[in-house]
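Engineer: What follows is a predicted structure for the sequence shown.
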Amino acid sequence: MIALYVIIGVIVLLGLWAIGTYNRLIGLRNQTQNGWKQIDVQLKRRHDLIPNLVNTVRGEMEFERDTLTQVVEARAKAVTATGPADAAKKEGELTQALGRLFGLAENYPTLKANENVKALQEELTATENKIGFARQFYNDIATKFNTAQQTFPSNLVASSFGFTPSELFEITAPAEREVPTVDLSFKK
């Protein structure tokens, strides 16, 4: 009779453990999805700011139509991104196009003095920072979720219920890995 109680107790404990593990995986999956949605919100903000910037500089940068076109095309691609890996690639291209636009804007004194351009650049810079923090949070929670799925014994529950690892947001463009050149000289 005692053996029966021990077996029932073990089964109950295993059931409670499985339920707890399943609930923890669900919580991590939801946090990962929330992290991705936070990135998505900041990317939408970025995508909304870019047309305003392009329209503001368009009249001043008549000779730089190719750069403006590249920014518009990169934005259009970035808006259609699906998932972290695709978004990382397309957003990297957009970042490079914006970098070229900002670099060229420095060559136009009227643009440098334009308050609208300054305000839009500051907004985009702030948004880039928010995107960076959101990516970091997403990668942190996605790593926890992936680790929970891959470690024993919770991997038994994860595989039984079809949990799949989350993609991490990573740099795909080699240019983004390069160290920026900073020139603090006052020579012009």
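Structural biologist: Yes, it's here.

Engineer: Ile75: neighbouring residues, count only.
Structural biologist: One thing to correct before we go on: residue 75 is Arg, not Ile. Neighbour count for Arg75, taken as other CB atoms under 10 Å: 22. Backbone N, C-alpha and C define where each C-beta goes, glycine included.

Engineer: Am I right that Ala74 is in contact with Lys90?
Structural biologist: Yes - using CB atoms under 8 Å, Ala74 is in contact with Lys90, at 7.4 Å.

Engineer: okay, and for the chain, where does confidence drop off?
Structural biologist: For the chain, the stretches with pLDDT under 70 are 59-63, 171-188.

Engineer: switch to 50 and redo it
Structural biologist: Low-confidence segments of the chain (pLDDT under 50): 180, 182-188.

Engineer: what's the offset of the helix ranked longest in the chain from the middle of its chain?
Structural biologist: The longest helix of the chain (DSSP state H) is helix 2-58. Remark: helix 2-58 is offset 15 Å from the chain centroid, using CA atoms, centre = their mean, to the nearest Å.

Engineer: Please name every helix or strand in contact with it.
Structural biologist: helix 65-79, helix 83-105, helix 115-150, helix 154-160 (3 or more CB pairs under 8 Å, 6 or more residues apart in numbering; DSSP states H and E).

Engineer: tell me the centre residue of the chain?
Structural biologist: Nearest to the geometric centre of the chain sits Arg135, at 4.1 Å (CA atoms, centre = their mean).

Engineer: where does the nearest residue to it once chain neighbours are set aside fall, helix, sheet strand or coil?
Structural biologist: Distances taken as CB to CB, 6 or more residues apart in numbering place Phe169 nearest to Arg135, at 4.6 Å, with adjacent residues excluded. What DSSP: H, G, I helix; E, B strand; the rest coil gives for Phe169 is coil.

Engineer: Hmm, Gly83 and Phe169 touching each other?
Structural biologist: No - between Phe169 and Gly83 there is no contact, the gap being 9.7 Å when judged by CB under 8 Å.

Engineer: Among those two, which residue is more densely surrounded?
Structural biologist: Phe169 (23 against 11).

Engineer: list the contacts for the more buried one?
Structural biologist: Ile39, Pro84, Ala87, Ala88, Arg135, Tyr138, Asn139 (CB atoms under 8 Å, 6 or more residues apart in numbering).

Engineer: Taking those, tell me the two that lie furthest apart.
Structural biologist: Ala87 and Asn139 (12.7 Å; CB to CB).

Engineer: and the two? which has more neighbours close in?
Structural biologist: Ala87 (22 against 19).

Engineer: Surely Ala88 and Glu170 touch.
Structural biologist: Yes - the pair Ala88 / Glu170 is scored as a contact, 5.8 Å apart, by CB under 8 Å.

Engineer: Show me which of these two is the more surrounded one.
Structural biologist: Taking neighbours as other CB under 10 Å, Ala88 and Glu170 compare with Ala88 leading, 20 against 12.
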